[in-house]
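Engineer: fold the following and give me the result.
(chains A, B and C)
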Amino acid sequence: MASIDHDAALARAGANVTGSWSQAAHLARRYPLGAVGGIIVIVFVLTAAFANVIAPIDPLSTNSKASLAAPGGTFWLGADFMGRDMFSRIVYGARISLAVAAGATALGFAAGIVIGLASGFLGGWFDLAMQRLMDIMQALPLLVLALVMAASLGPSLENTIIAISVALVPNVARVVRSSTLSLREQPFVEAARAVGMGEVRIAVRHVLPNTMAPLIVLATAQLGSAILTEASLSFLGLGIPEPYPSWGRMLSESAAEYVRTAPWLVVFPGVAISLTVFGTNLLGDALRDIFDPRERT
Amino acid sequence: MRKSLAIVAGMIAAVAVAGPAFAQKQGGTLKVTHRDNPPSASIHEEATISTIMPFMPVFNNLVVFDPKDKINSPDNIVPDLAESWSWNADRTKLTFKLRSGVKWHDGKPFSADDVKCTFDALIGKDDKTKDLIRKNPRQVWYMNLKETTVGSPTEVTFHLGRPQPSFLSMLASGYTPVYSCHVDGRAMRSKPIGTGPFKVVDFKRNESIKLVRNADYWKKGLPYLDGIEFKIVPNRSTRVLGFVAGEFDLTFDSDITFPLLKDVKSQAPSAVCIARPQNVRSNLIVNREKEPFDNPRIREALVLAIDRKPFSDILAQGNDLVGAAMQPPPAGVWGMSSEELAKLPGYGPDTAKNVADAQKIMQSLGYGPDKPLKVKVATRNIAIYRDPAVILIDQLKKIYIDGELDPIDTTVWFTRVQQKNYQIGLNLTGAGVDDPDVMFFENFYSTSSRNYTGYSNPEVDKLIVQQSSEADKAKRMKLVAEIETILNKDAARPTILHNVANTCMQSFVKGLTLQDNSIYNGWRFESAWLDK
Amino acid sequence: MGAYLTRRVLLMILTLFGMSVLIFVMLRLVPGNIADILVDSAGIVSADEKAKIVGELGLDRPIFEQYLQWIGGLFRGDLGFAYVSERPAIEEIAPRIPVSAKLALLALIYSVILGVPLGVISAVRQNTGLDYFLRVMSLSGLSLPSFWLALLILMASVQWFGVIPIYTNEPRSLLDEMLLLSVPAAAVGFRSSALIMRLTRSSMLEVLRQDYIRTARSKGASQTAVNYQHALRNALLPVVTIIGIEAAFLIGGLIVTETVFNIPGVARFLVEAILWRDYPIVQNLVMLIAFIVVTVNFLVDMAYMALDPRIKYAD
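Structural biologist: Residues are numbered from 1 along each chain as shown, chains lettered A, B, ... in the order given. Modelled structure (predicted):
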């Protein structure tokens, strides 16, 4: 049996797996850091989903009397230069970070999977061409590639997602391609071919599910770097434009000017980014241990 | 020939400066922060303080606004490269007697030919192969200049199409240095040569601009400083931290906003910070050719809806000035008084009533809380533009306009505006000289290349020319107010506020007078010195 | 072996060629060009003046022709003229390279000095409290945005030491410069050290499980000797190559750090040049970065081959 069996992987991680709850509890005991990461990620996702319920104030509404208001009272985390509530902005900022992280990862993975599968199955000139294209894309550091992409597309939420997703494609395509190459010669694929299954169906039904484990690990790791890349782009003024409350944008320009008179403008968005990325990293580590015990850290 | 009184004033000033100055100390390098990379070093090709502040010390003008006076007005223009000047009887010929013995930084002698070269280039009559300038943002300043003739190496005459009292004011601006015939445009953009008190050593892009004392400066004994060093630090927080830590002696012009002032004062209590109007105003641009703002009623509602106080409170802790297009008094020479202003729509003290009136208009057009008018508010994607735009959007909610910010890449901002590819937008407009000719010709005259909203009103065009020819100041001010009233009624770039900001220097920086009605004219640095 | 090398070098050239086409085309998709910027910065809208500048810079010629001119120049060592400063691009780029290189080198030293020992300790003390602490630390290093860390460092040094570690004057000596760069290098290096630590730890753990370590141990070698003589030496092989890859990874960190600390290096210059649509600068800088990354990858592969005899390169 060459395919990676998820249940088996989970079973290796924790014996006597029964219901999903006890399974989760067991995993949490076995991977306490991963559990912490999982909780952080869940909180992050819930915050983003219910931002409109959680945020007490419209994150875009300005208030001339609250300019640079200190934390406390109405403004739990203070107010920015325009008198906008920092807490509400950070809560809504979770939406942007989630949209960018999930959007860019999903888009980048979709493209990477298609390219990787096609490369692995078709081989020949297509594979060669794609390999070279991936070489070219990987010849630039992620941030540099995203920077050039973002500049050519112009600043907006959609364009930031596209810019970051493009930078994620090569890694995914490489992983999918190499597992496709090893899987396509496996007996169960040969068997499917023997009963007359089409190549596309084989790819989607048999090969893709078996490359999921490394992809999940990779995806979790990429969520964090997508968030960080968005923050860096927005900090440099090439990412999410005003007035959207992107965490990275909140740290740029005007916020940084008040580092000393209003440190909360710099501290809280930074904490929000760091904590979220930290959570996804912890979760990613645990998932890698579970799915790929050889690379256990 | 009527000799100007200014000659006498100028001679007294020259004597005072040239005499032995016991108080001033020689030497030292003035370190200044710079906010961004100047697009080029060629003042005639640019329209930004980023170029003026570091490169004005390299040049001289024919005449200049008295650098020791805080107010730029036609009454305090003093000689620079010109020793004296005179008008002919019908005031269409302006003759300058030039100084002799002045040398360019490369040692070549300065003469009247250089003046002719400069102004021929500005009116597009120069020898094209020389290519002294490749863009000309102040073309409209010289619309009335027909030609420049050289009488002798020390005499040059400007021939105007009609009388224009303000012409001398424009020559006195920091934007009007005299270039030399023998240096080409590329050199002027990267390492310019002038006759001024400082020479350019090095202009390292994105890094620094270094000037060194011109030992052969024609004003003996000046300048006091050995050199000036501008360090380009694009990140404002880093700049301010650097100033507070004592790495810099002077901040970039108007770099310290009021919210930042508190920080600077608490960290560097000995620093001297001077608040002054910049003669830069935030204004609304309205696309009157497209739905929905082709409807004058909606434009009227817009003008009524602007509540100026919150803008000022947030952006400048209440220090910004309310005015129409011209900078308001006391610093502004031509602005309407506050009583006159209050009569204009939207300027009245009862903002609640203004908003209620605007709401009525909007309701009569079928808009309301449940049926807002959705618009995009375009602005240049830089903080100083975006910040007021965000406040504007918030205010428009009150009159049922649901605005979404459309930040436009700074490279294509004017192009977008010119193509009328926007609904409403927020813009900043600076005036090189506090002068009605500069303001109105540049921004509202139908054929001006800087009239990028394409405002065209024959009546206003006529009034602009009329005030420009008017020699009597009181009569001229009446005409100016008339123009202002029409512009406001037409919602032609209605002004939100005139910006006020701080420029800070360490306590040992002396001999620098910052001018209150233009940021562009006071940066010669020739009598600045360091008391340490 | 020879054939493999030839193939690798050819692939490198192909990649760089592809990059040159990609960046050239992408830059021309960017909205607005230098003429727009120059005219806009003067606050005017003048189609004539724009056209004049476009013609002067040859931007109106067919894109293929422009590309050939650039590439042809590259082969002759001519990088073209920078649009904004109107000086040869090489004069703009060359003086900025040493600054970034020194910063990167310092950051690399930081990350190795910090990352390798901590990674070893973490692996040797696997699953102890210390291990958990170090792992959390290293993960947090990967989670902090480097510009945020840089801002915090900047704030702290002004607050507590009253000095600002930014490049306001040219440093007088190399020592001065290194001291000045050490603060921003710490901001970049912290993040990289986290990565190195994690990789050191995992490769160390893997080696510790190998048979020969067990053999050494069963032969009575002391635990410490095994850890440091046998395991570390073997674990360092992959780590050394990872450090090579780090060099490329650092470039991303340099971009924001040079911005915050106002360091006149190539990374910040790249961002400025992109914003100014200064194609000659952007193109050449991107090619430089790609060249560094590709070369480092190549050297890493060579190092693998030299260090690990198990890897055979057929064909």
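
Engineer: show the contacting residues for whatever residue of the stretch 1-150 of chain A ends up closest to chain B.
Structural biologist: Minimum separation of the stretch 1-150 of chain A from chain B (CB to the nearest CB) falls at A:Ser64, amounting to 3.8 Å. Backbone N, C-alpha and C define where each C-beta goes, glycine included. Going by CB atoms under 8 Å, 6 or more residues apart in numbering or on different chains, A:Ser64 touches A:Gly83, B:Lys309, B:Pro310, B:Asp313, B:Ile314.

Engineer: repeat for B:Thr410
Structural biologist: B:Arg380, B:Asn381, B:Ile382, C:Ile37, C:Asp40.

Engineer: and the last one, how many neighbours?
Structural biologist: By the other CB atoms under 10 Å in any protein chain shown criterion, the neighbourhood of C:Asp40 contains 22 residues.

Engineer: ditto for the second one
Structural biologist: Neighbours of B:Asn381 under the rule other CB under 10 Å: 22.

Engineer: quick one on the thing from earlier: give me the lowest-pLDDT entry from the contacts of B:Thr410.
Structural biologist: Looking at these by pLDDT, the weakest one is C:Asp40, with 77.

Engineer: what is the burial count for the closest residue to that one other than its chain neighbours?
Structural biologist: Excluding its sequence neighbours, the residue lying closest to C:Asp40 (CB to CB, 6 or more residues apart in numbering or on different chains) is B:Phe414, at 4.9 Å. Residues lying near B:Phe414 (other CB under 10 Å) number 23.

Engineer: tell me, how many neighbours does the residue nearest to B:Ala316 when sequence neighbours are not counted end up with?
Structural biologist: Take B:Ala316 and drop its neighbours on the chain: the residue closest to it by CB to CB, 6+ apart is B:Phe258, 4.7 Å away. As a burial measure, B:Phe258 scores 20 neighbours (other CB under 10 Å).

Engineer: next, the contact list for B:Phe258, please.
Structural biologist: Residues near B:Phe258 by CB under 8 Å, 6+ apart: B:Ala275, B:Leu315, B:Ala316, B:Gln317, B:Asn319, B:Val500, B:Ala501, B:Asn502.

Engineer: show me the contacts for the fourth one.
Structural biologist: Pointing back at B:Gln317 there. Counting by CB under 8 Å, 6+ apart, the residues that B:Gln317 touches are A:Ser67, B:Phe258, B:Pro259.

Engineer: can I get these in TSV with distance to A:Asp127 and secondary structure?
Structural biologist: Shown next, in TSV, are the contacts of B:Gln317 (distance: CB to CB, whole Å; DSSP: H, G, I helix; E, B strand; the rest coil):
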residue	distance to A:Asp127	secondary structure
A:Ser67	58	coil
B:Phe258	62	helix
B:Pro259	58	helix
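
Engineer: from these, which is closest to chain C?
Structural biologist: Distance to chain C, by CB to the nearest CB, is smallest for B:Pro259 among the contacts of B:Gln317, at 17.0 Å.

Engineer: wait, the closest one sits on A:Ala69?
Structural biologist: No: look at B:Pro259 against A:Ala69 with CB atoms under 8 Å: they stay out of range, at 11.9 Å.

Engineer: can you list the residues of the stretch 51-200 of chain A near chain B?
Structural biologist: A:Leu60, A:Ser61, A:Thr62, A:Ser64, A:Lys65, A:Ser67, A:Leu68, A:Phe81, A:Met82, A:Gly83, A:Gly154, A:Pro155 (CB under 8 Å from any CB of the partner chain).

Engineer: just the buried ones from these, in ChimeraX syntax?
Structural biologist: A single ChimeraX command selects the buried members of those (16 or more other CB atoms under 10 Å in any protein chain shown):
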select /A:60,61,62,64,67,68,81,82,83,154,155
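
Engineer: ok, of the residues of the stretch 51-200 of chain A next to chain B, which one's closest to B:Ile49?
Structural biologist: For those, the closest approach to B:Ile49 (CB to CB) belongs to A:Phe81, at 22.3 Å.

Engineer: check which element follows the longest helix seen in chain B along the chain.
Structural biologist: If you go by DSSP state H, chain B has its longest helix at helix B:473-489. Using DSSP states H and E, the helix or strand that follows helix B:473-489 towards the C-terminus is strand B:495-505.

Engineer: which other residues reach the next helix or strand along the chain from that following strand?
Structural biologist: Using DSSP H and E, the helix or strand that follows strand B:495-505 in sequence is strand B:509-510. With CB under 8 Å, 6+ apart as the test, strand B:509-510 has contacts from B:Gln24, B:Leu30, B:Asp249, B:Leu250, B:Val272, B:Ala528, B:Trp529, B:Leu530, B:Asp531.

Engineer: hmm, 10 Å instead?
Structural biologist: Residues outside strand B:509-510 that contact it (CB atoms under 10 Å, 6 or more residues apart in numbering or on different chains) are B:23-25, B:28, B:30-32, B:224-225, B:249-250, B:271-272, B:527-532.

Engineer: which of these fall within strands?
Structural biologist: Of the contacts of strand B:509-510, the ones assigned to strands by DSSP state E are B:Leu30, B:Lys31, B:Val32, B:Val272, B:Trp529, B:Leu530.

Engineer: and which of those residues is nearest to C:Ile71?
Structural biologist: In terms of CB to CB, no member of these lies closer to C:Ile71 than B:Val32, at 41.4 Å.

Engineer: is it true that the closest one touches B:Pro54?
Structural biologist: Yes: assessed by CB atoms under 10 Å, B:Val32 is found in contact with B:Pro54 at 7.7 Å.

Engineer: got any residues that touch both of the two?
Structural biologist: Counting by CB under 10 Å, 6+ apart, the common neighbours of B:Val32 and B:Pro54 are B:Ile209, B:Leu211, B:Ile228, B:Glu229, B:Phe230, B:Phe252, B:Trp523, B:Phe525.

Engineer: buried subset of those residues as a ChimeraX selection?
Structural biologist: Only the buried entries of the shared contacts of B:Val32 and B:Pro54 go into this ChimeraX selection, using 16+ other CB under 10 Å:
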select /B:209,211,228,229,230,252,523,525
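
Engineer: can you list the shared contacts of B:Val32 and B:Pro54 in a markdown table and add pLDDT and secondary structure?
Structural biologist: Below are those laid out as a markdown table (pLDDT from 0 to 100; DSSP: H, G, I helix; E, B strand; the rest coil):
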| residue | pLDDT | secondary structure |
| --- | --- | --- |
| B:Ile209 | 95 | strand |
| B:Leu211 | 97 | strand |
| B:Ile228 | 97 | strand |
| B:Glu229 | 96 | strand |
| B:Phe230 | 96 | strand |
| B:Phe252 | 95 | coil |
| B:Trp523 | 95 | coil |
| B:Phe525 | 96 | coil |
